[in-house]
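Trainee: no sequence on this one, just coordinates:
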Ligand SMILES: *Cc1c(COP(=O)(O)O)cnc(C)c1O
Ligand SMILES: [Zn+2]
């Protein structure tokens with residue numbers, strides 16, 4: 001292992017997902033799809049000729065050198081497992097310092113035995129969501145090929161992350177596309193504060209996504225949406241860190257919210273590669289959780305039988321469903337804005353991940369999401385609504401007997417609590433009108449775990465009495 005640490009980037013390339021096509025492209029090309037068949041691209045490696053450690057615990061040694069930025073980063077500490085970038089081109093802002101918490105209180109809510117439920121707290125990233133894992137990778141690729149502007153469409157967190165990498169590194173200008181109305185203030189405020197050129201178009205996320213692709217193509221702007229295969233390379237490391245925190249033992253379940261399906265796709269790729277490299281000996285199962293108001297994956301996978309079929313997916317099922325969505329002019333609608341997406345761009349990669357990790361998909365209501373979110377908060381780890389879909393989904397799978405009480409389960413908390421304070425305050429509010437205004441129209445009718453503010457006159461005796469009565 002003498003050559004370890006000398007990552008060779010000439011052994012990385014881009015490869016069409018479809019085995020029937022399999023066209024490869026240079027790692028230095030900027031593409032979001034295969035020229036020949038229009039399919040998604042993977043970043044692939046010539047592993048046989050790359051220096052890969054023979055045990056995952058090798059990576060622990062890098063902790064001793066954590067004063068070096070590339071050892072400190074929770075993404076680049078695993079550089080040997082995403083060796084597409086030259087070390088001197090890597091742009092890191094200290095992403096991936098995220099802890100895995102054993103949280104029995106939430107485990108009990110889900111119905112798991114004590115010591116079985118872990119929450120991976122990705123809200124602790126520099127911009128407050130897991131997106132930084134992918135952004136450092138895509139941004140590094142953009143920098144490598146000399147890009148000066150980078151763009152994305154976003155429900156908020158991708159734009160916050162891109163804006164942060166741009167202003168922290170001063171290497172690029174951020175151009176972000178958002179839909180009208182749906183972005184939370186926490187996220188929008190980040191993009192504005194970090195100085196991104198913010199384009200708010202009339203339409204929803206799916207519309208913004210369509211436009212950003214067209215505009216990037218026309219103006220030659222580097223696109224960092226999750227169609228960008230390099231982002232998924234960075235997101236693989238979330239799983240490496242989960243394993244690291246579990247002393248390199250593979251858990252029984254990984255439960256993750258599904259929006260554009262980049263995370264679930266990246267997780268599947270991570271485990272597949274670790275298995276191929278002989279670094280793990282078993283695969284975890286994967287559960288992807290949709291919001292009921294944005295449930296394309298659930299509908300296709302659980303109800304209409306969409307399967308990857310080892311690279312030969314029955315895509316006609318997808319075309320038919322999208323035609324139905326068009327005919328009904330259906331729009332995604334959920335309080336979990338980060339997963340309010342009807343046309344997930346990584347659908348094919350996600351069903352590949354579901355195949356290799358014996359996966360399941362569930363949908364949970366906004367009510368279930370907010371109740372789960374309140375439980376996460378009450379147990380000391382805040383998250384935004386979309387993140388809590390993982391906890392709500394784990395609870396459902398436990399109730400259905402798919403997850404056993406003794407299974408070791410890791411739920412991914414994708415974004416920080418402060419991203420969307422409006423939803424949190426509305427849930428806990430004493431003001432019924434405010435509750436109805438924000439949550440009622442989503443079909444949320446009760447706040448089972450509300451921690452209501454106590455209203456009291458500005459009078460010392462009454463304040464004292466209120467505290468005595470309530471504590
Ligand atoms: C982006 C995002 C998601 C969805 O992740 P995908 O990879 O698009 O499926 C979930 N939660 C939060 C907080 C996000 O920012
Ligand atoms: Zn192709």
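Mentor: Alright, I've got the coordinates. Note that the structure is a prediction, hence the values are computed from the model and not measured. Ligands and ions are numbered 1, 2, ... in the order given.
Trainee: Quick one: neighbours of residue 432, just the number.
Mentor: 9 (other CB atoms under 10 Å). The C-beta positions use only the backbone N, C-alpha and C, and glycine is treated the same way.
Trainee: before we move on, what about residue 216?
Mentor: So residue 216, with other CB under 10 Å, has 23 neighbours.
Trainee: ok, now residue 193?
Mentor: So residue 193, with other CB under 10 Å, has 12 neighbours.
Trainee: residues contacting the spatially closest residue to it that is not a sequence neighbour?
Mentor: Distances taken as CB to CB, 6 or more residues apart in numbering place residue 163 nearest to residue 193, at 8.0 Å, with adjacent residues excluded. By CB atoms under 8 Å, 6 or more residues apart in numbering, residue 163 lies in contact with 127, 174, 176, 190-191, 193-196.
Trainee: Just the buried subset of these, please.
Mentor: For the contacts of residue 163, a burial check counting by 16 or more other CB atoms under 10 Å picks out 127, 174, 176, 190-191, 194, 196.
Trainee: re the thing from before, tell me which helix or strand the residue nearest to residue 193 sits in.
Mentor: helix 157-169 (DSSP states H and E).
Trainee: Next: residue 95.
Mentor: Using DSSP H and E, no helix or strand contains residue 95.
Trainee: what about it, how many residues close to it?
Mentor: 29.
Trainee: Please name the residues that touch it.
Mentor: Residue 95 neighbours (CB under 8 Å, 6+ apart): 73-75, 125-126, 132-133, 135-136, 234.
Trainee: coming back round to it: kindly indicate which of the buried ones among the contacts of residue 163 lies nearest ligand 1.
Mentor: Distances from ligand 1 to the buried ones among the contacts of residue 163, taken as CB to the nearest ligand atom, are shortest for residue 127 (9.8 Å).
Trainee: Could I get the phi/psi values of the closest one?
Mentor: Residue 127 adopts backbone torsions of phi -100, psi 10, taken as degrees, to the nearest 10.
Trainee: Is it possible to get the contacts of residue 163 out as JSON lines so that each row also shows secondary structure and distance to ligand 2?
Mentor: Listed next are those as JSON lines, based on DSSP: H, G, I helix; E, B strand; the rest coil; distance: CB to the ion, whole Å:
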{"residue": "127", "secondary structure": "coil", "distance to ligand 2": "33"}
{"residue": "174", "secondary structure": "strand", "distance to ligand 2": "30"}
{"residue": "176", "secondary structure": "strand", "distance to ligand 2": "29"}
{"residue": "190", "secondary structure": "helix", "distance to ligand 2": "36"}
{"residue": "191", "secondary structure": "helix", "distance to ligand 2": "34"}
{"residue": "193", "secondary structure": "helix", "distance to ligand 2": "40"}
{"residue": "194", "secondary structure": "coil", "distance to ligand 2": "36"}
{"residue": "195", "secondary structure": "coil", "distance to ligand 2": "37"}
{"residue": "196", "secondary structure": "coil", "distance to ligand 2": "33"}
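Trainee: Of all pairs in those, which one spans the longest distance?
Mentor: 127 and 195 (13.6 Å; CB to CB).
Trainee: ranges for the strands of the chain?
Mentor: 12-16, 24-26, 41-45, 100-102, 117-121, 149-153, 173-178, 197-200, 222-223, 253-257, 285-291, 360-364, 409-413 (DSSP state E).
Trainee: Kindly reformat these as CSV containing mean pLDDT and distance to residue 424.
Mentor: Below are the strands of the chain laid out as CSV (pLDDT from 0 to 100; distance: least, CB to CB, whole Å):
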stretch, mean pLDDT, distance to residue 424
strand 12-16, 96, 41
strand 24-26, 94, 44
strand 41-45, 96, 37
strand 100-102, 98, 19
strand 117-121, 98, 17
strand 149-153, 94, 25
strand 173-178, 93, 21
strand 197-200, 92, 24
strand 222-223, 94, 32
strand 253-257, 98, 17
strand 285-291, 98, 17
strand 360-364, 98, 18
strand 409-413, 98, 14
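Trainee: Let me know whether stretch 148-156 sits next to ligand 1.
Mentor: No - using CB under 6 Å from any ligand atom, stretch 148-156 stays clear of ligand 1, coming no nearer than 6.7 Å.
Trainee: what's the first-to-last distance across that stretch?
Mentor: By CA to CA, to the nearest Å, the extent of stretch 148-156 from end to end equals 22 Å.
Trainee: Could you pull out the buried residues of it?
Mentor: 149-156.
Trainee: number of nearby residues for residue 168?
Mentor: 16.
Trainee: Report the contact partners of it.
Mentor: Per CB under 8 Å, 6+ apart, neighbours of residue 168: residue 93.
Trainee: What is the neighbour count of residue 32?
Mentor: Residue 32 - counted by other CB under 10 Å - has 17 other residues nearby.
Trainee: got a list of what the nearest residue to it once chain neighbours are set aside touches?
Mentor: Among residues not flanking residue 32 along the chain, residue 227 sits closest, at 4.4 Å (CB to CB, 6+ apart). When contacts are counted by CB under 8 Å, 6+ apart, residue 227 touches 32-33, 40, 213, 345-346.
Trainee: which one of these has the most neighbours?
Mentor: residue 346 (27 neighbours).
Trainee: burial measure for the residue nearest to that one when sequence neighbours are not counted, as a count.
Mentor: Counting by CB to CB, 6+ apart, residue 346 lies nearest to residue 261, which is 4.0 Å off, once chain neighbours are set aside. A count of neighbours around residue 261, defined by other CB under 10 Å, yields 28.
Trainee: looking at it, residue 261 is touching residue 296, isn't it?
Mentor: No - applying CB atoms under 8 Å as the test, residue 261 and residue 296 come out as separate, 9.2 Å apart.
Trainee: shared neighbours of these two, anything?
Mentor: 344, 347.
Trainee: what's the longest helix seen in the chain packed up against?
Mentor: When the chain is scanned for its longest helix (criterion: DSSP state H), the result is helix 229-245. Applying 3 or more CB pairs under 8 Å, 6 or more residues apart in numbering; DSSP states H and E, one finds that helix 229-245 contacts strand 41-45, strand 100-102, strand 117-121, helix 131-144, helix 262-276.
Trainee: which of the residues in it are buried?
Mentor: Applying 16+ other CB under 10 Å to helix 229-245 flags 229-245 as buried.
Trainee: pLDDT on the helix holding residue 163, on average?
Mentor: What helix 157-169 shows for mean pLDDT is 96.
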